[in-house]
Every structure is written in structure tokens, then in C-alpha cells.
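Asker: Mind folding the following:
(chains A and B)
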Amino acid sequence: MWEYKDGHLLNEKGKVLDVAGHRDKQHNNIGAYRLHNGLNQQFDLIYVDEWKEPPKKGELNEDFGMYVERPFHVRSDLPRGRYLDILGRNMVIKTPNGFNTQLWWFDQKSRTIKNWNNKGWSWDIHSAGRSTNMQAWNTNSGWW
Amino acid sequence: MNKDFGMSINRPFYLRSRMPMQRVVECWGANNIILSDYVKGRLGQQFYFDQVSKTIKSQQWKDRSITISGNGRSFSVYMTTTNSRWF
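Answerer: Below you'll find the predicted structure:
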């Protein structure tokens, strides 16, 4: 028997629904594991009559705070107000120049921020998140 | 609403993961339970709480309930025919 409580589906033996290996991948297996409160064990129970369809192009994704496929600049608050840009694959700030490399957009499918000039590239922390350096890298299945 | 179980009775719902891609739980091929992209109207992604058996059933396969294999000792979770062990 299962009880829905505090974002977990908990059974009488103390196990909860658990996405295998913490991997947020399409068709990943779901099992039951002891509660450790990881994000892979947390679910929202949403009744069908209250379900909100995912945002479409031009609509706001409230969870991410960005509009879907609507290009934007990222302007530094430093005194020169430079824009986020890419140099090679590296993310840098540059004087606004009207080029599409300074435009970004939120992709609903991958839930990533992509470059308008290189639409297959997403924001990425170098070295699989261990570095402090940001780059634009090929959007890949690591995200989904 | 069954307050002991935290679910409304016979009211279909989605289980949406709080991981970034917000995928939903899906009953796949009548037995398997997987994480999947939401597809509008797909009944395999909808479940409901059955007050008679006190189990969570699939909207697509209404004779099946979520269970843990190995009498609850395994990691594996799947859908199986609802039987008298539950009630």
C-alpha cells in the first residue's frame, strides 16, 4: 500500500518510489528504495483535472522563469553593461554588437539555455559541472 | 479524499518527477514502470487511487496495481493484477 506524503510515494515498509540511479533520462526505470529525500524520490501528484499543459513557444515557463523560444540578452551589471557572448566555445562578456552570438533562448524540450547563432549549443559548466568555467556545448542526452 | 493515503479516490492523476526535466511516471507495456516525457492524453501516464483495494491503479490497465517485487524486498516496482493480498 502506498501513501502520498510530502512529495513522496511511501509504502508501509518505509520505501519510496525512486528514479533509478538519479538519472533523469527518458524511459529510465523506477523502483522503490529507502527514503533519502533526494530529488529522484520526489514527485508531485497532480490530478488530471488540475494539470497544466507545458508552455508553448512564447509562453512563460514559470519553473524556469523564462519564455519559451523567445530570444534575450544577458547583460552584465558591471559598469560597461556588456553582453554575454561566446568566443569559440567559451562564454565571455563583450560590448553589444548586434550579432546573434549574443542572443540566447530557453528551449522547452531540453530545458536548457541555447545560443541563437548556434542552436545546438546549450549553457554548460565545464568538466561536467566540476569547473567554474562556463561554455556553450552541444546539447546532449546528459540533459534528458 | 482518503486522508490516510493522501490521495483522492478514483480521481486520475499524474506523478511528475521533481527532477529538472519534470518527466512523469508511466505504466509501460502493462507491467513496467518508467520515467517518461509527458504525452497529452496518454492513459498509461495516469493513475488513480482505488478505495476498495487501497492500491494505486493504472488508468490504462484498471485491473493492475503498483507493487514492489519480492514481497517488498526488491528495488523493482511493477504493475501486477490486483489480488486479494491487498484486501
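Asker: all helices in chain A, in order from the N-terminus.
Answerer: Assigned helices in chain A: none (criterion: DSSP state H).
Asker: where does it dip in pLDDT?
Answerer: Applying pLDDT under 70 to chain A picks out residues A:141-144.
Asker: Can you pull up the most central residue in it?
Answerer: A:R111 (4.0 Å; CA atoms, centre = their mean).
Asker: just checking, it touches B:M21?
Answerer: Yes: here A:R111 reaches B:M21: they are 5.9 Å apart, a contact under CB atoms under 8 Å. In this view, the C-beta of every residue, glycine as well, is placed from N, C-alpha and C.
Asker: Could I get the pLDDT score of the residue located most distally from the centre of chain B?
Answerer: Each residue of chain B has a distance to the centre, and by CA atoms, centre = their mean the biggest one is for B:P20: 21.2 Å. According to the prediction, B:P20 has pLDDT 87.
Asker: Look at it and tell me its secondary structure.
Answerer: coil (DSSP: H, G, I helix; E, B strand; the rest coil).
Asker: Hmm, it is touching A:R111, no?
Answerer: Yes: counting by CB under 8 Å, B:P20 touches A:R111, with 5.6 Å between them.
Asker: Return the residues in contact with A:W104.
Answerer: A:W104 is in contact with A:P71, A:F72, A:H73, A:V74, A:L84, A:I113, A:K114, A:N115, A:W116, counting by CB atoms under 8 Å, 6 or more residues apart in numbering or on different chains.
Asker: Report how many residues lie close to the last one.
Answerer: Read it as A:W116. The tally of other residues near A:W116 (other CB atoms under 10 Å in any protein chain shown) stands at 16.
Asker: Just the CA atoms of stretch A:44-63, as CSV, please.
Answerer: Extracted C-alpha coordinates of stretch A:44-63, given in CSV (Å, rounded to 0.1, in the frame of the first residue of the first chain):
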residue,chain,number,x,y,z
ASP,A,44,4.2,16.0,-7.5
LEU,A,45,0.9,14.2,-7.5
ILE,A,46,-1.2,16.3,-9.9
TYR,A,47,-4.8,15.5,-10.6
VAL,A,48,-5.6,15.3,-14.3
ASP,A,49,-8.3,17.9,-13.9
GLU,A,50,-5.7,20.3,-12.5
TRP,A,51,-2.9,19.5,-14.9
LYS,A,52,-1.4,22.5,-16.7
GLU,A,53,0.0,21.8,-20.2
PRO,A,54,3.7,22.6,-20.6
PRO,A,55,4.3,26.1,-22.0
LYS,A,56,4.5,26.6,-25.8
LYS,A,57,6.6,28.9,-27.8
GLY,A,58,6.3,32.5,-26.5
GLU,A,59,4.8,31.4,-23.2
LEU,A,60,6.4,31.7,-19.8
ASN,A,61,7.9,28.6,-18.1
GLU,A,62,7.2,29.6,-14.5
ASP,A,63,9.5,27.0,-13.1
